[in-house]
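Colleague: Sequence and computational prediction follow.
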Amino acid sequence: MHILLVEDEPKSGEYLRRGLSESGFVVDWVRSGVDGLHHARTLEYKLVILDVMLPGMNGWDILRELRRSHDTPVLFLTARDDIEDRVKGLELGADDYLVKPFAFTELLARVRTLLRRGPSRESDVIEYAGLQLDVLRRKVTRDSQRIDLTAKEFALLHMLIRRPGEVLSRPQIASQVWDMNFDSDTNVVDVAVRRLRAKLDDGFDNKLLHTVWGMGYVFEARN
């Protein structure tokens, strides 16, 4: 499995190159954005691991250009941990987003998951049961009615609408949307789901966001 690593920090790059190589991957490591885009365009890789802040060309622009012609899975690996940055990365076409510092075992698990999944591009507009989510414009409508969401609510809905019918636990949601370990004393997930549910379902007969007691939440149309 051939992986491209675009990382300008020498210690991080060497650590990742060595760890991935010892895990059985063939790794090309480049340290500038321009070299990263050139390699990604001209050579065939199964996965690109991409930093955001790079000399010559940042990771956002690399991904934007790469998605014009390539479906290669991209994992952002960056210290930029704001929810707006994670949403931006996903909107541009990233397949995953991991914040530094991180555990190498988690990185390896995400790498293997993406490689099993293979290249797949999500549509810019996702539709389900009358609900429409425009990823690029960050616009949500239901039955042609505009629904205004905060950045976290949008990220939460984006996660849910991509996995209809799947029960998602609070720890899963906390990890994906807030990049945090779930604390049973924290009600941040419940509050966010409650607010999102009010915006999505109030005034509509067909409810989409449901609580599965003792397990978590599920996004699905129930007649």
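Modeller: Yep, that arrived. Numbering: from 1, shown residues only.
Colleague: shaky segments in the protein?
Modeller: Low-confidence segments of the chain, defined by pLDDT under 70, span residues 118-123, 179-185, 223.
Colleague: Over to the residue lying closest to residue 130 once chain neighbours are set aside: give its phi and psi.
Modeller: Of all residues beyond its chain neighbours, the one nearest residue 130 is residue 143 (4.9 Å), with distances taken as C-beta to C-beta, 6 or more residues apart in numbering. The C-beta positions use only the backbone N, C-alpha and C, and glycine is treated the same way. Comment: the main-chain dihedrals of residue 143 come out as phi 50, psi 50, following degrees, to the nearest 10.
Colleague: Measure how buried residue 143 is and give me the count.
Modeller: 11 (other C-beta atoms under 10 Å).
Colleague: Could you do residue 144 as well?
Modeller: Counted by other C-beta under 10 Å, the residues lying close to residue 144 total 7.
Colleague: And for residue 160?
Modeller: The tally of other residues near residue 160 (other C-beta under 10 Å) stands at 24.
Colleague: Surely it is in a strand?
Modeller: No. According to DSSP: H, G, I helix; E, B strand; the rest coil, residue 160 belongs to no strand; its state is helix.
Colleague: didn't it look like it was pressed against residue 216?
Modeller: No. No contact is recorded between residue 160 and residue 216 when judged using C-beta atoms under 8 Å, the distance being 10.8 Å.
Colleague: and the most centrally placed residue in the chain, what are its phi and psi?
Modeller: Taking C-alpha atoms, centre = their mean, the centroid of the chain lies closest to residue 96, which sits 4.0 Å from it. Backbone torsions for residue 96, taken as degrees, to the nearest 10, come to phi -160, psi 160.
Colleague: Next up, the contacts around it.
Modeller: Residues touching residue 96, when contacts are defined by C-beta atoms under 8 Å, 6 or more residues apart in numbering, comprise 73, 74, 75, 76, 110, 113, 114.
Colleague: Beta-bridge partners for it, please?
Modeller: Going by DSSP bridges, residue 96 is paired in beta bridges with residue 75.
Colleague: which one of the contacts of residue 96 has the most neighbours?
Modeller: For the contacts of residue 96, counting by other C-beta under 10 Å, the largest number of neighbours falls to residue 74: 28 neighbours.
Colleague: got the contacts of residue 96 as JSON lines, with distance to residue 82 columns?
Modeller: Conversion of these to JSON lines gives the following (distance: C-beta to C-beta, whole Å):
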{"residue": "73", "distance to residue 82": "23"}
{"residue": "74", "distance to residue 82": "19"}
{"residue": "75", "distance to residue 82": "18"}
{"residue": "76", "distance to residue 82": "13"}
{"residue": "110", "distance to residue 82": "20"}
{"residue": "113", "distance to residue 82": "24"}
{"residue": "114", "distance to residue 82": "23"}
